[in-house]
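Engineer: Prediction below, plus the sequence it came from.
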Amino acid sequence: MKRIGELYRIEAELRGLDPDARLARRQAWSAPLVADMRSWLTHHRARVAGKSPLGEALAYIAKYWEGLCVFLTDGRVEIDNNTVERTIRPIALNRKNALFAGHDAGAENWAVIASLIETCKLNSVDPFAYLTATLTAIVSGHKQSQIDVLMPWSCLRRANS
């Protein structure tokens, strides 16, 4: 656990650096720790029964070792996928909550609204402001043939123009 904590401490120091600088420092600081972890893993896998819970856990780590080491070969890659997990968590929660929408039409409406809100977030658009402006435009007679102008990514372009 100390080795993993040290890797994350190093990553915190490298945050904000350009990819080439991150890669160089990872090679200097993180690669030796990862090599040490690999030695530890190899040593302990040989000493632990493969069918034991610890043996199975060590086998799992060994199976995905190459994926663990990708961050040592590319300065653009994060050490873990926590950022992606945090980004998609609301989508998964919305999908689970939609199970209680009451009926199919309610679930479909929920899915449309949830998709619009998450698309706004992914495009750095305030969902409430977007929905207010879009619904106002629709009520005011916005042409259906120009619906693409009302999409969240178009809203962002209009705001920056």
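Structural biologist: Structure's in. What do you need? Numbering: from 1, shown residues only.
Engineer: Can you tell me what sits against stretch 131-143?
Structural biologist: By Cβ atoms under 8 Å, 6 or more residues apart in numbering, the surrounding residues in contact with stretch 131-143 are 116-117, 149-150, 155. C-beta coordinates here come from the backbone N, C-alpha and C atoms, glycine included.
Engineer: Go again with 6 Å.
Structural biologist: Contact partners of stretch 131-143, identified using Cβ atoms under 6 Å, 6 or more residues apart in numbering, comprise residue 150.
Engineer: Then stretch 56-73?
Structural biologist: Contacts to stretch 56-73, defined as Cβ under 6 Å, 6+ apart, come from residues 26, 31, 45, 77, 79.
Engineer: List the buried residues of the top helix by length along the chain.
Structural biologist: Scanning the chain for the helix with the most residues, using DSSP state H, yields helix 104-122. Neighbour-count burial for helix 104-122 flags 107, 110, 114, 116-118, 120-121 (criterion: 16 or more other Cβ atoms under 10 Å).
Engineer: how far does whichever helix or strand comes after it sit from the chain's center?
Structural biologist: Scanning forward in sequence from helix 104-122 by DSSP states H and E, the next helix or strand is helix 127-139. Relative to the chain's own centre, helix 127-139 is displaced by 28 Å; criterion: Cα atoms, centre = their mean, to the nearest Å.
Engineer: Alpha carbons only: can I get helix 127-139 in CSV?
Structural biologist: Listed next in CSV are the C-alpha coordinates belonging to helix 127-139 (Å, rounded to 0.1, in the frame of the first residue of the first chain):
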residue,chain,number,x,y,z
PRO,A,127,-28.1,22.5,-17.9
PHE,A,128,-30.7,24.8,-16.3
ALA,A,129,-29.8,27.8,-18.5
TYR,A,130,-29.7,25.5,-21.6
LEU,A,131,-33.1,23.9,-20.9
THR,A,132,-34.7,27.4,-20.1
ALA,A,133,-33.3,28.9,-23.4
THR,A,134,-34.3,25.8,-25.4
LEU,A,135,-37.8,25.5,-24.1
THR,A,136,-38.3,29.3,-24.5
ALA,A,137,-37.1,29.0,-28.1
ILE,A,138,-39.5,26.1,-28.8
VAL,A,139,-42.5,27.9,-27.3
